[in-house]
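J.: Sequence first, then the predicted structure:
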Amino acid sequence: MTAQDQNHLSGHVPFEQRFSIGEEFTYLVKYAFINIGELKTKIFAKETINGKTIYKSAVQIDSYEGLPFVNIHQYYESWFDSTSFPIYFQAYLYSEKDTHYVKYFFKEDKMVQVLRGKLNVKITSVDTIVSLDKKYLDGLSLLYFARNNFNKRYTIIAPCFVNEDTTSTLITYHLDKEEVEIDNADYDIDCVMLDGRTNFTGIFGLTGEFEGWFSNDIYRIPIQAKLHVLIGSVNVELIHWKKKNWKPPVVKD
């Protein structure tokens, strides 16, 4: 048994083993039997900022053209440390009329600077300072926090700063093995599951209850999810992956 396997079984997985620069995952989003769009997550850089190792992540969300009930084009970035707590977050929400953006600068003194505005107006932003009582996640670093802490069976309440307000997400980790089928793999994938509830409306309109199936290996890659969003319940399924020396794990007898 390798040291890496021993860490996995004991519940301790170093951050740099679970996440890697250049990893990229694309997901198909389905509403009932309709394919409504795709979302792509990636970690695109690692830098040292103020003495800390910072990982830079992004997600691009696009609905397919021609759908009568949804038109979503959004881009998010989160820069976070090895605990998954962010130092910076930005979101761009595109529409035919304008592009709205928001930026959060998380400070060491538990303050967050919020910059909000539109790109195509003379007054480009409104700058405010919010005082926090502790560290908070943003809407994207929450995903990496969930992966980073998927080491044992327990329930956690994750503090979140979303829509310029403090809130939380309840996450329960289950370590029972489950077999998951996706269209782009010709075998059943070995997974473990989490579920929970958000107390806010976040990325892609995520709100309320959710379930997610993650690869049953040290990487905890999201494979499939059932989410409640503003338009109703949607299914999210992995369709393309780019991560060195990784592919969805095979279910073993």
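T.: Cool, got the structure.

J.: alpha carbons only for contacts and neighbour counts from here, please
T.: OK.

J.: check contacts around the nearest residue to Phe19 once chain neighbours are set aside.
T.: Closest residue to Phe19 apart from its sequence neighbours, by Cα to Cα, 6 or more residues apart in numbering: Tyr219 at 6.9 Å. Shown in contact with Tyr219 (Cα atoms under 8 Å, 6 or more residues apart in numbering): Gln17, Arg18, Phe19, Arg147.

J.: Where does Tyr219 sit: helix, strand or coil?
T.: The local conformation at Tyr219, judged by DSSP: H, G, I helix; E, B strand; the rest coil, is coil.

J.: tell me the phi and psi of it?
T.: Here is the backbone geometry of Tyr219 (degrees, to the nearest 10): phi -90, psi -30.

J.: ok so, going back, any chance of the contacts of Tyr219 in TSV, plus neighbour count, secondary structure and distance to Asn35?
T.: Listed next are these as TSV, based on neighbours: other Cα atoms under 10 Å; DSSP: H, G, I helix; E, B strand; the rest coil; distance: Cα to Cα, whole Å:
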residue	neighbour count	secondary structure	distance to Asn35
Gln17	10	helix	33
Arg18	15	helix	30
Phe19	20	coil	29
Arg147	21	helix	26
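
J.: okay, these in TSV with pLDDT and distance to Gly196 next?
T.: Formatted as TSV, the contacts of Tyr219 follow (pLDDT from 0 to 100; distance: Cα to Cα, whole Å):
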residue	pLDDT	distance to Gly196
Gln17	90	25
Arg18	94	22
Phe19	95	23
Arg147	95	14
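
J.: Redo the residues you listed as TSV? Include distance to Gln224.
T.: Listed next are the contacts of Tyr219 as TSV, based on distance: Cα to Cα, whole Å:
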residue	distance to Gln224
Gln17	22
Arg18	18
Phe19	18
Arg147	13
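
J.: Nearest to Thr48 among those?
T.: Phe19 (16.1 Å; Cα to Cα).

J.: Check the spacing between that closest one and Tyr154 real quick.
T.: Distance, Phe19 to Tyr154, by Cα to Cα, to the nearest Å: 22 Å.

J.: now swap in Glu164 and tell me
T.: From Glu164 to Tyr154 the distance is 29 Å (Cα to Cα).

J.: and if you look at Ala146?
T.: Using Cα to Cα, Ala146 is found at 12 Å from Tyr154.

J.: Now do the helices in the protein.
T.: For the chain, the helices defined by DSSP state H occupy 3-10, 15-18, 141-148.

J.: Show me the beta-bridge partners of Gly196.
T.: Ile171, Phe210 (DSSP bridges).

J.: Offset the numbering so it begins at 57, please.
T.: OK, 57 is where the count begins now, so the last one is Gly252.

J.: so how far is Ser140 from it?
T.: Gly252 sits 18 Å away from Ser140, going by Cα to Cα.

J.: got the residue ranges for the strands in the chain?
T.: Counting by DSSP state E, the chain has strands at residues 80-87, 90-105, 108-119, 129-136, 142-150, 155-162, 167-174, 182-187, 211-218, 221-236, 245-254, 264-271, 278-285, 288-298.

J.: Report all helices and strands that the fourth one contacts.
T.: When you say that, I think you mean strand 129-136. If contacts are counted by 3 or more Cα pairs under 8 Å, 6 or more residues apart in numbering; DSSP states H and E, strand 129-136 sits against strand 108-119, strand 142-150, helix 197-204.

J.: gap between the longest one and the chain center?
T.: Between the centre of strand 108-119 and the centre of its chain there are 8 Å (Cα atoms, centre = their mean, to the nearest Å).

J.: Give the ranges of residues in the chain that sit below the confidence cut-off.
T.: Residues of the chain meeting the criterion pLDDT under 70: 57-67, 178-181, 260, 287, 309.

J.: same thing but 50
T.: Applying pLDDT under 50 to the chain flags residues 57-66.

J.: for it, which residue is closest to the average position?
T.: When Cα atoms, centre = their mean is applied to the chain, the residue found nearest the centroid is Leu199 (2.9 Å).

J.: Compute the distance between that one and Lys308, please.
T.: 27 Å.
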